[in-house]
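>>> Everything below, folded, please.
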Amino acid sequence: MSHDLSLAQSHAFQLSRDLMVPVTVFEVDGKYGVLPSDEIDSDDDLEILHEFFPWPAH
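Take a look at the predicted model:
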C-alpha cells in the first residue's frame, strides 16, 4: 500500500505489462494498492480508481 497515487499507477502499469494481465489500482482508507483484476472481489470494500490492460487499444 502507498500514499502516492502516481507511484501506485506506475507500479500497476508495469505489473500489467510484466504479467500480461489486467491490473486494478484501488484505494482503501486513503492508501492506494494494486492487484491483478481477477483477484478483486465485488464484496471487497475497495474504491476502484483505474484498470490497466497490457494490450494496446485499437
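>>> what's the neighbour count on the closest residue to Ile40 other than its chain neighbours?
What sits nearest to Ile40 in space, not counting adjacent residues and going by C-beta to C-beta, 6 or more residues apart in numbering, is Thr24, at 5.4 Å. C-beta here means a position set from N, CA and C on the backbone, and glycine is covered the same way. Using other C-beta atoms under 10 Å, Thr24 has 20 other residues around it.
>>> tell me the contacts of Thr24?
Thr24 makes contact with 12, 34-37, 40, 48, 50-52, according to C-beta atoms under 8 Å, 6 or more residues apart in numbering.
>>> at 10 Å what do you get?
If you count contacts by C-beta atoms under 10 Å, 6 or more residues apart in numbering, Thr24 has them with 12, 16, 33-40, 46, 48-52.
>>> Check the gap between the residue lying closest to Asp45 once chain neighbours are set aside and Ser10 for me.
Using C-beta to C-beta, 6+ apart and skipping the chain neighbours, the partner closest in space to Asp45 is Val28 (7.0 Å). Separation of Val28 from Ser10 (C-beta to C-beta, to the nearest Å): 19 Å.
>>> Next: Leu35.
According to C-beta to C-beta, Leu35 stands 15 Å off from Ser10.
>>> Same question for Leu46.
19 Å.
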